[in-house]
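Engineer: What follows is a predicted protein model with its sequence.
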Amino acid sequence: MRGARVAVLTGAGVSTDSGIPDYRGEGAPVRTPMTVQTFLSSESARKRYWAGSHLGWRDFAAAAPNTGHRALARLEASGVVSGIVTQNVDGLHRRAGSRHVVELHGGMDRVVCLECGQHYARQAIAQELTVQNPWLDADRAVRLNPDGDVEIDDVEAMRVPVCTVCGGVLKPDVVFFGEFVPVPTFRAGAALVAGSDVLLVAGSSLVVNSGMRLLEQARRSRRPVVIVNRGVTRGDARAAVKIDAGTSETLAAFATALDS
């Protein structure tokens, strides 16, 4: 990577040291993700989703960038990293100071109306949810899921805000299961990889196809791939280098070695 332009692809493993659990690591909670089809077709499903997402939002939003996020921002500032493509929806790369970030799966800090396209800051929707559902803000222990939500069953009393412009259905501006990454977003990520000399994958098992497609793009164009991840990934056999280690300490070591 020395003397090269490095594109970075990050996954959930980059954010575990910020207190956000990953999807498949040791001790990860069993996931029952909401599909976009269920969200759109069922009012009760939307109630359940928004209740769980609201309960988890406080802890999710309070997560702070860790050493790994800051190391990547430092490497971008020094010209080593050309940009970051992330599968995460926590916004921590932006908050760490990284400027060229492609969020493949969107950002949990934004909400969009599915009817008219109006966007809202998540904090504004959280305040409205609190006003309409004061019972949800009771002091309760929650176990945060990787997507920033928690499990909750009793949601009949849940009141879900609607778009103030058209009355339409609101949804976090993230890619749900069953949705595709928007074409312009994927193209932006692919362009970042195409403009680099090396692809560094950090904290991703590469199970999600969008990440694997970017790795394959790099491999086909003979760009070396470096993978940093605890445990096996789908891309290990295609990597020039695989480092089985935590991302925070490894990215910090990269920053020290390369930013000099």
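Structural biologist: Yep, that arrived.

Engineer: Just give me the residue right at the centre of this protein.
Structural biologist: Residue closest to the mean C-alpha point of the chain, counted by Cα atoms, centre = their mean, is residue 88 at 1.1 Å.

Engineer: contacting residues around it?
Structural biologist: For residue 88, the contacting residues are 10, 11, 12, 14, 15, 103, 105, by Cβ atoms under 8 Å, 6 or more residues apart in numbering. Where C-beta positions appear, they are placed from N, C-alpha and C, glycine not excepted.

Engineer: Return the distance of it relative to residue 9.
Structural biologist: 11 Å (Cβ to Cβ, to the nearest Å).

Engineer: Any regions of the protein where pLDDT drops low?
Structural biologist: Within the chain, the segments meeting pLDDT under 70 span 23-32, 137-153, 260.

Engineer: can you map out the strands along it?
Structural biologist: Shown for the chain, the strands assigned by DSSP state E span residues 6-10, 81-86, 101-103, 106-113, 119-121, 170-174, 198-202, 225-228, 241-243.

Engineer: Tabulate the ones you listed (TSV), appending mean neighbour count and distance to residue 217.
Structural biologist: Listed next are those as TSV, based on neighbours: other Cβ atoms under 10 Å; distance: least, Cβ to Cβ, whole Å:
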stretch	mean neighbour count	distance to residue 217
strand 6-10	28	10
strand 81-86	26	11
strand 101-103	23	13
strand 106-113	20	21
strand 119-121	13	30
strand 170-174	20	23
strand 198-202	26	8
strand 225-228	23	10
strand 241-243	15	18
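
Engineer: Other residues contacting stretch 226-240?
Structural biologist: When contacts are defined by Cβ under 8 Å, 6+ apart, stretch 226-240 is touched by residues 1, 11, 13, 24-25, 198-207, 212, 215-216, 219, 224-225, 241-247, 250-251.
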